[in-house]
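In: Predicted model and sequence follow; I will ask about them next.
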Amino acid sequence: MKFAHFSHIWAKPGMTPHQRYEQLWRELQLCDELGFDHSFCVEHHFRPDESWMSSPSLYAVGAGARTKRLRIGPMGYIVPLYHPLRLAEEIAIVDQMLGGRMELGLVPGINADYFRPFGLDYGQRKSPTLEFVAYLRAAFGEAQPFSFHGHEFHTEQALIAVPPVQRPHPPLWMMSRDPQTLEFCARHGINPGYFLVYPRADAAPRYRKFLADWKAAGHPRRPSIAYCTVVYVDETDEKALDVALLRASRAYEGFLPPPKPGETFEQRAKEHAKMFVGRGEPGASQIMQNLFDPDYLYKNELIFIGSPQTVTEKIRAAAQAGLFNAFLGEFNFADLPEDALLRSIRLFGEQVIPALRNFEPF
């Protein structure tokens, strides 16, 4: 298995953005020392109460300057928000600055609020994301200057001044549970993955098909399939639950709309749940309705909290059921104190990773 530090870089009470970034670097330096494989961030926009990361390239370069071996990248760039040529140039420079340590996540974006201020159509986001894979391979190809004429993108005779270290490009990821996107990923050698809001029991059949498609495509390596959720490790189960369970149920508060004057957290969560009643994908809808219920999250093993042995067992069982071999842990959530945060990362790196390193879920 592979292991990643994953972060929304949530806004923190009593912290400035600068202080939050400094804390982030301390997290990643520790992960680097402990043998984590990857570090990933999101790209979010326009919510000062939520994520403080709108520039994955800056995240990657900042993290790279403070680490030696972690492979670093976005999970992922919201491709439709960029001019493809500008994004290709940026990816190449980031990979050079990282000395070939870049991992490259590409996503279409899940929030329409990110698109409107840019004057872009949220409904037309998937096609450019998929076409960018072909664009990237043309941009980083041997023929320079390169030209590309697709459905979404058109470039004539552009010279990439700085190529990436990794050829033809850094390893690609697309977090998706969409069957057509998974077929695309299998065909093009792209690592997929999913978040806790999609049930592992529903994901497994889709990823079995993905693995069959991957094998049929003849790729020389095994794919990585990622799964991301909140994780907290402490000396005992009791201590871990006392410190982290309630906080874990507040981890995704940023998914809620900003609070109205006088509105309580409970009222906001109740309104959020109503949005998912009767929607398609009943399993995912059920999770979204209960995303802020600590008992539901814990009972259904949607968050991994406990001693090193307990967390190891939870991840092992979840990986077998959900067919993933790359665990993306969100270690820093809600108002978790930094001493507890770093203790959790250290226990995970020293005890959980070694126990699961040679485990192969598929």
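Out: Good, I have the coordinates.
In: For the protein, just list every one of the strands.
Out: 2-7, 38-41, 71-74, 77-78, 104-107, 146-149, 154-158, 172-175, 191-195, 226-233, 304-306, 326-330 (DSSP state E).
In: okay if I get those as a markdown table plus mean neighbour count and distance to Leu120?
Out: Heads up, the C-betas are built off the backbone N, CA and C, glycines and all. Below are these laid out as a markdown table (neighbours: other C-beta atoms under 10 Å; distance: least, C-beta to C-beta, whole Å):
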| stretch | mean neighbour count | distance to Leu120 |
| --- | --- | --- |
| strand 2-7 | 24 | 26 |
| strand 38-41 | 26 | 22 |
| strand 71-74 | 26 | 18 |
| strand 77-78 | 24 | 10 |
| strand 104-107 | 23 | 14 |
| strand 146-149 | 15 | 20 |
| strand 154-158 | 12 | 17 |
| strand 172-175 | 24 | 19 |
| strand 191-195 | 23 | 24 |
| strand 226-233 | 26 | 26 |
| strand 304-306 | 25 | 36 |
| strand 326-330 | 24 | 27 |
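In: Quick one: those strands as CSV, columns for distance to Phe359 too.
Out: As requested, the strands of the chain are arranged in CSV below (distance: least, C-beta to C-beta, whole Å):
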stretch, distance to Phe359
strand 2-7, 11
strand 38-41, 17
strand 71-74, 20
strand 77-78, 30
strand 104-107, 24
strand 146-149, 41
strand 154-158, 44
strand 172-175, 21
strand 191-195, 17
strand 226-233, 14
strand 304-306, 15
strand 326-330, 10
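In: and the lowest-mean-pLDDT helix or strand in the chain, how far from the chain's centre?
Out: Taking mean pLDDT, DSSP states H and E as the measure, the chain has helix 265-274 as its least confident helix or strand, at a mean of 86. Helix 265-274 sits 25 Å away from the centroid of its parent chain (C-alpha atoms, centre = their mean, to the nearest Å).
In: Can I get that helix in CSV? Just the C-alpha atoms.
Out: Extracted C-alpha coordinates of helix 265-274, given in CSV (Å, rounded to 0.1, in the frame of the first residue of the first chain):
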residue,chain,number,x,y,z
PHE,A,265,-24.2,24.3,13.3
GLU,A,266,-27.0,21.8,13.8
GLN,A,267,-29.5,23.9,11.8
ARG,A,268,-26.9,24.2,8.9
ALA,A,269,-26.3,20.4,9.0
LYS,A,270,-30.0,19.7,8.9
GLU,A,271,-30.5,21.9,5.9
HIS,A,272,-27.6,20.3,4.2
ALA,A,273,-29.1,16.8,4.8
LYS,A,274,-32.4,17.8,3.1
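In: same for it, what does it pack against?
Out: helix 282-289 (3 or more C-beta pairs under 8 Å, 6 or more residues apart in numbering; DSSP states H and E).
In: before we move on, the earlier item: between the least confident helix or strand of the chain and helix 282-289, how many degrees?
Out: Per axes from the mean of the first three to the mean of the last three C-alpha atoms, to 10 degrees, the angle that helix 265-274 makes with helix 282-289 is 160 degrees.
In: Show me what counts as buried in helix 265-274.
Out: Arg268, Ala269, His272, Ala273 (16 or more other C-beta atoms under 10 Å).
In: do you know how far Pro220 is from Cys185?
Out: 16 Å (C-beta to C-beta, to the nearest Å).
In: ok, now Ile93?
Out: Ile93 is 25 Å from Cys185, where distance means C-beta to C-beta.
In: who has more neighbours, those two?
Out: The neighbour comparison of Ile93 against Cys185 (other C-beta atoms under 10 Å) goes to Cys185, with 26 against 17.
In: was I right about that one contacting Ser176?
Out: Yes: look at Cys185 against Ser176 with C-beta atoms under 8 Å: they come within range, at 7.1 Å.
In: Identify the contacts common to those two.
Out: Common contacts of Cys185 and Ser176 (C-beta atoms under 8 Å, 6 or more residues apart in numbering): Pro192.
In: got the residue ranges for the helices in the stretch 151-300 of the chain?
Out: For the stretch 151-300 of the chain, helices defined by DSSP state H, counting those that start in this stretch occupy the ranges 179-188, 200-217, 237-248, 265-274, 282-289, 294-299.
In: and Leu256, which of those helices is closest to it?
Out: helix 265-274 (4.7 Å; C-beta to C-beta).
In: who's in contact with the closest one?
Out: Contacts of helix 265-274 (C-beta under 8 Å, 6+ apart): Arg250, Glu253, Phe255, Leu256, Pro257, Pro259, Met288, Gln289, Asn290, Leu291, Phe292.
In: Pull the contacting residues for the first one.
Out: Taking C-beta under 8 Å, 6+ apart as the contact definition, Arg250 lies against Phe265, Phe292, Phe333, Ala334.
In: And the pLDDT at it?
Out: Among the per-residue scores, Arg250 shows a pLDDT of 95.
In: same deal with Pro170?
Out: With respect to pLDDT, Pro170 scores 98.
In: wait, it sits on Leu104?
Out: Yes: Pro170 is within contact range of Leu104, at 4.2 Å (criterion: C-beta under 8 Å).
In: Report the set of residues contacting both of these two.
Out: Contacts common to Pro170 and Leu104, judged by C-beta under 8 Å, 6+ apart, are Gly73, Ile91.
In: can you tell me which of the contacts of Arg250 lies nearest to Gln29?
Out: Phe333 (19.3 Å).
In: Tell me the backbone dihedrals of the closest residue to the closest one other than its chain neighbours, please.
Out: Of all residues beyond its chain neighbours, the one nearest Phe333 is Ala251 (3.7 Å), with distances taken as C-beta to C-beta, 6 or more residues apart in numbering. The phi/psi pair for Ala251 (degrees, to the nearest 10) reads phi -60, psi -40.
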